[in-house]
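Visitor: sequence and computational prediction follow.
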Amino acid sequence: MIQIRKAGERGHANHGWLDTYHTFSFADYQDPKHMGFRSLRVINEDKVEPGQGFGTHGHRDMEIITCILEGELQHKDSMGNGAVIRPGEVQRMSAGTGVTHSEFNPSKTKPVHLLQIWILPDKANLTPSYEQREFKPAELKNRLCLVASGKPREGAVKIHQDADLYSSLVDSGKKLEYALDKNRHAWIQVARGSLRVNDALLQAGDGAAVSKEEKLKISGESDSQFLLFDMA
């Protein structure tokens, strides 16, 4: 069973400096029918104007993953980490017992376009931690590349949850397959382009909840970028 969450159905807010879409309930967008999927709690698609960003704010008991689509994002946190995140890089911050951070677009001319993902951890009060890794385009091209996992391998960053996150850049006409184990569920989020997943057509910004499917046949309807979450 595949249930599509259309891009246009998401929550939306334009604050001038920030244009944001919420796949699930977040901030002022409250939708009891879309509170998350399995351990996946937030997928926000953000565009931040040059020189703007999120001032210092706090989190706790959440696995936060940031993927940059275009531009750069400067990160600073109370653990002493400071980094610029660029396209192809994946940042993971485990908020645990509590952490504060800020996120700004350091460019004076270009917006930054990103996906920020929140996953509920498998236990509360973890020690806060941080990890960042670059994945080259060749690692993502026409394949499913593991970028974050509760059982990290192949260079994936670690998340504290029984979940695997894959990223892919798929060319138009190329086909991928993914076997979904029994009692596992998937979420697919299209960042750019368009895909066909089994018989479902997904456009940029669309998401799809997948349950009770043994195999996912994914084909690029155009050159596309997407994420696939495999969850308990």
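Guide: Cool, got the structure. Numbering: from 1, shown residues only.
Visitor: so how far is Ile43 from the nearest residue to Ala208 once chain neighbours are set aside?
Guide: Spatial nearest neighbour of Ala208, chain neighbours left out: Ile188 (4.7 Å); criterion: Cβ to Cβ, 6 or more residues apart in numbering. C-beta coordinates here come from the backbone N, C-alpha and C atoms, glycine included. Distance check for Ile188 against Ile43: by Cβ to Cβ, to the nearest Å, it reads 11 Å.
Visitor: any idea what the residue most central in space within the chain is bridged to?
Guide: Nearest to the mean C-alpha position of the chain, counting by Cα atoms, centre = their mean, stands Ile117 at 4.3 Å. According to DSSP bridges, the partner residues bridging Ile117 are Ile43, Ile65.
Visitor: try Met231
Guide: Beta-bridge partners for Met231, by DSSP bridges, are Ala163, His185.
Visitor: ok, it - contacts?
Guide: Phe37, Arg38, Ser39, Leu40, Gln161, Asp162, Ala163, Asp164, Arg184, His185, Ala186, Trp187 (Cβ atoms under 8 Å, 6 or more residues apart in numbering).
Visitor: got JSON lines for those, with distance to His12 too?
Guide: Shown next, in JSON lines, are those (distance: Cβ to Cβ, whole Å):
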{"residue": "Phe37", "distance to His12": "19"}
{"residue": "Arg38", "distance to His12": "24"}
{"residue": "Ser39", "distance to His12": "24"}
{"residue": "Leu40", "distance to His12": "19"}
{"residue": "Gln161", "distance to His12": "28"}
{"residue": "Asp162", "distance to His12": "31"}
{"residue": "Ala163", "distance to His12": "26"}
{"residue": "Asp164", "distance to His12": "29"}
{"residue": "Arg184", "distance to His12": "31"}
{"residue": "His185", "distance to His12": "26"}
{"residue": "Ala186", "distance to His12": "25"}
{"residue": "Trp187", "distance to His12": "20"}
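Visitor: ok, so of those, who is nearest Leu227?
Guide: Trp187 (8.1 Å; Cβ to Cβ).
Visitor: host element of the residue nearest to Ala208?
Guide: Using DSSP states H and E, Ile188 maps to strand 185-192.
Visitor: got a list of contacts for that strand?
Guide: Here strand 185-192 has contacts from 23, 37-38, 40, 43, 45, 67, 69, 115, 178, 180, 195, 197, 202-211, 213, 216, 218, 223-232, using Cβ under 8 Å, 6+ apart.
Visitor: buried subset of the residues you listed as a ChimeraX selection?
Guide: With 16 or more other Cβ atoms under 10 Å as the burial test, the buried ones among these are selected in ChimeraX as follows:
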select :23,37,38,40,43,45,67,69,115,178,180,195,197,202,203,204,205,206,207,208,209,210,213,216,218,224,225,226,227,228,229,230,231
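Visitor: pLDDT wise, what is Phe104 at?
Guide: Phe104 is assigned 98 on the pLDDT scale.
Visitor: then Glu154?
Guide: 88.
Visitor: do I have it right that it meets Leu146?
Guide: Yes - counting by Cβ atoms under 8 Å, Leu146 is a contact partner of Glu154 at 5.1 Å.
Visitor: in terms of neighbours, single out the busier of those two.
Guide: Each of Glu154 and Leu146 has its neighbours counted (other Cβ atoms under 10 Å); Leu146 has more, 20 against 9.
Visitor: neighbouring contacts of the host helix or strand of that one?
Guide: Assigned by DSSP H and E, Leu146 falls within strand 145-149. Strand 145-149 has contacts (Cβ under 8 Å, 6+ apart) with 65, 67, 90, 92, 133, 135, 139, 153-154, 156-159, 163-168.
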